[in-house]
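Q: build me a model:
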Amino acid sequence: MLGQKGSDSGERDGPKGLAKGSLKPINVLAIAVAAISPTTSVFLVYGAGLASAGTGVIWAFIIGGLIAIGMALSYAEVGSVFPSAGGAYTIVRKALGPVWGGVTNVLFLVLGIVVTASILVASATYLNSLVPALPVNWTAFAMMAMVTLLSLERVSPTSWVTAIMLIMELAVILVFTGFAFAHPSLTGNPLTHPVLATGHGNVLALVGMGGILVAVVPALFAYNGYDWPLYFAEESSNARRSLPRAVVLAAAIAIVVELAAVIGATFAIKNLGAVTANSAPLSLIAEQVMGATGAKILLIGVVIAMFDTGLAGNLAYARIYYASGRDHMWPGPLNKFFTHISPRTQVPTYGFLVLFAGNGILSIFTSLNNLITFTGVVIVVIYLLVAVSALVSRVRDKGLERTFRMPIWPIPPLVAIVGVAIALSQQVKRDLIVTFVIVAISVAYYAINRRRLSELSNTGTPVGGTDQGSLTTEEASDA
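A: Numbering: from 1, shown residues only. The predicted structure is shown next:
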């Protein structure tokens, strides 16, 4: 039953049509790190963090890193108990029930049709600075079309494409970090006396904890993506053991690489007021420490990195919609729509087409400059639900197998819950209100339909009338 304990043999979590065992651990790890994309993340959110926290952006990324570690451990443990293409959605649905699982599903729908577009518009913006003749919005739309075409192909070769681009982008961010550390220019110590450029030229003011906490949500957005291995549970070999480790490893790589880049970039700042006022602060810093030619080469890497992030992110969202459709979480015929699998490539075709439509429209008609903080709020609300699920599952589901057990439980999920709650309290009221409205409407819809959802789950007949069991008993024992 939805929201109650169960074993693999009795659950209907996995679409039979996905290509089982087609991904190796290295493929999944590459997708996860590409989804996080240290290069994309730092270049996308550093400016937002600098605007609210000044040089205290370093502390924002440190605090965000601690929360991310707690969340990664929570994802890894509960993901090993409930391996499914639904990932976080499935975790919340089974631990907290269909209502909160439905809320998570809707939040992922919002993220899916917004995040990829925002990343690709940012990529197109950087590309436009290199080739001014390319219009930003239509270039972003063309990128989204390419992402969709790659997503519709078999997941294994697509994962190798993300891996190759990932190697390139890691080289880019590491080279930039090295140059930044080699050219320290900042006056003062941001670790002991973080300062913020005010609206009066180069006047600097000390940053309080409130300003730093505002920047924690963009930092969490930057680290987000380490849970991506969970969405390929039914297409991975030895999923129960390999994927939780991939989650933790992906988080560790992201935190180390991004934090190093943020520290290096901040210490390399020559004029805080000028850098803060610049629409692309890291580009300005790169030009100062690498020269004009080096900065252009760096931006080429950033464009590739952002495209790779859009691709890796897109791969997971359609699988989440598929998993929720299999659980009858959508209204009527949408369940069958989202559970359609391509016979040739074994991927959820229509989910990718929905993502193309939503992100394509946003790519053309909006700059999306104000969506970083909003999507950050949505992401941390999902974090809150997953962290609570990790606590509930460990206490309630004692009889279920855990191939990964987080150390020093319950400290990791508690750290995540407290950190997320404090960070949310400092966010822009508009973003909080919009997210609250989305959550409230979702709660109302799924509360009204709770009985129907439970009855459909109990019939044991998935959408489309075929037997779509998840990891089989044999596969589970092999894992």
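Q: got the contact list for stretch 342-356?
A: 15, 17-19, 22, 112-113, 116, 144-145, 148, 151-155, 314, 317-319, 321-322, 337-341 (CB atoms under 8 Å, 6 or more residues apart in numbering). Yep, even glycine has a C-beta here, placed from its N, CA and C like the rest.
Q: strands of this protein, residue ranges please.
A: For the chain, the strands defined by DSSP state E cover 195-197, 204-206.
Q: out of those strands, which is the most enclosed?
A: Mean neighbour count (mean count of other CB atoms under 10 Å) peaks for strand 195-197 among the strands of the chain, with a mean of 22.
Q: elements contacting it?
A: strand 204-206, helix 272-277 (3 or more CB pairs under 8 Å, 6 or more residues apart in numbering; DSSP states H and E).
Q: tell me how far the first one lies from the chain's centre.
A: Relative to its parent chain, strand 204-206 has a centroid offset of 33 Å by CA atoms, centre = their mean, to the nearest Å.
Q: please apply the same query to the last one.
A: When distances are taken as CA atoms, centre = their mean, helix 272-277 is centred 28 Å away from the chain's centroid.
Q: and stretch 225-241, by the same measure?
A: Distance, stretch centre to chain centre, for stretch 225-241: 14 Å (CA atoms, centre = their mean).
Q: adjust the sequence numbering to begin at 234 for everything that follows.
A: Will do, 234 is the new start, and the previous item becomes stretch 458-474.
Q: thinking again about what came up before, between the helices and strands packed on strand 428-430, which one is closest to residue 598.
A: With CB to CB as the measure, helix 505-510 is the member of the helices and strands packed on strand 428-430 nearest residue 598 (26.9 Å).
Q: let's see that closest one as PDB, backbone CA atoms only.
A: Listed next in PDB are the C-alpha coordinates belonging to helix 505-510 (Å, rounded to 0.1, in the frame of the first residue of the first chain):
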ATOM      1  CA  LEU A 505      34.600  43.900  -4.700                       C
ATOM      2  CA  GLY A 506      32.200  46.600  -5.800                       C
ATOM      3  CA  ALA A 507      33.000  46.100  -9.500                       C
ATOM      4  CA  VAL A 508      32.800  42.300  -9.300                       C
ATOM      5  CA  THR A 509      29.500  42.400  -7.400                       C
ATOM      6  CA  ALA A 510      28.000  44.800  -9.900                       C
END
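Q: quick one: contacts of that helix?
A: Contacts of helix 505-510 (CB under 8 Å, 6+ apart): 280, 283-284, 287-288, 419, 428-430, 434-437, 502, 514, 517-518.
Q: now do 6 Å
A: 283, 430, 435, 502, 514, 517 (CB atoms under 6 Å, 6 or more residues apart in numbering).
Q: try stretch 398-412
A: Outside stretch 398-412, the residues that touch it by CB under 6 Å, 6+ apart are 263, 266-267, 271-272, 493-494, 497, 522-523, 531, 534, 537-538, 541.
Q: let's see that with 7 Å instead.
A: 263, 266-267, 270-272, 275, 490, 493-494, 497, 519, 522-523, 531, 534-535, 537-538, 541 (CB atoms under 7 Å, 6 or more residues apart in numbering).
Q: list the residues that contact residue 460.
A: Counting by CB under 7 Å, 6+ apart, residue 460 has contacts 308, 320, 321, 480.
Q: contact partners for the first one?
A: Translated: residue 308. Going by CB under 7 Å, 6+ apart, the list of residues near residue 308 reads 460, 463, 480, 619.
Q: run the chain-centre distance for stretch 397-413.
A: When C-alpha coordinates are averaged (CA atoms, centre = their mean), stretch 397-413 and its chain have centres 20 Å apart.
Q: avg pLDDT for it?
A: Stretch 397-413 carries an average pLDDT of 89.
Q: do stretch 498-513 as well
A: 88.
Q: buried ones in it?
A: Residues 498, 499, 500, 501, 502, 504, 505, 506, 508, 509, 513 are the ones in stretch 498-513 that count as buried (16 or more other CB atoms under 10 Å).
Q: next one: stretch 529-539
A: Under 16+ other CB under 10 Å, the buried positions of stretch 529-539 are 531, 532, 534, 535, 536, 537, 538, 539.
Q: and stretch 661-668, by the same measure?
A: By neighbour count with 16+ other CB under 10 Å, stretch 661-668 contains the buried residues 664, 665, 668.
Q: now the helices for the stretch 484-633 of the chain?
A: With DSSP state H, counting those that start in this stretch as the criterion, the stretch 484-633 of the chain has helices at 505-510, 514-559, 567-571, 582-598, 604-629.
Q: one step back: can I get the buried residues of stretch 529-539 in CSV with pLDDT and distance to residue 679?
A: Shown next, in CSV, are these (pLDDT from 0 to 100; distance: CB to CB, whole Å):
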residue, pLDDT, distance to residue 679
531, 87, 46
532, 88, 44
534, 87, 43
535, 88, 40
536, 90, 40
537, 89, 40
538, 87, 37
539, 88, 34
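Q: export those to TSV and tack on distance to residue 338?
A: Converted to TSV, the buried residues of stretch 529-539 look like this (distance: CB to CB, whole Å):
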residue	distance to residue 338
531	38
532	37
534	35
535	32
536	32
537	32
538	29
539	26
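Q: of the residues you listed, which is the nearest to residue 312?
A: For the buried residues of stretch 529-539, the nearest to residue 312 is residue 538 (25.9 Å; CB to CB).
Q: you'd agree that closest one is up against residue 269?
A: No: judged on CB atoms under 7 Å, residue 538 makes no contact with residue 269 at a distance of 10.6 Å.
Q: re the thing from before, now, the contacts of residue 308 that are in helices?
A: Using DSSP state H, the subset of those located in helices is 480, 619.
Q: and the contacts of residue 308, which is closest to residue 314?
A: residue 463 (11.1 Å).
Q: pLDDT value on the closest one, please?
A: 91.
Q: same check, this time on the one 3 residues further on
A: For residue 466, the pLDDT comes out at 86.
Q: can you tell me the closest non-neighbouring residue to it?
A: Nearest in space to residue 466, with sequence neighbours left out and distances taken as CB to CB, 6 or more residues apart in numbering, is residue 316 at 3.9 Å.
Q: residues near residue 482, how many?
A: Residue 482 has 18 neighbouring residues, counting by other CB atoms under 10 Å.
Q: and the residue nearest to it when sequence neighbours are not counted, how far from residue 304?
A: Of all residues not flanking residue 482 in the chain, residue 262 sits nearest, at 6.3 Å (CB to CB, 6+ apart). From residue 262 across to residue 304, the span is 17 Å (CB to CB, to the nearest Å).
Q: many thanks, have a good one.
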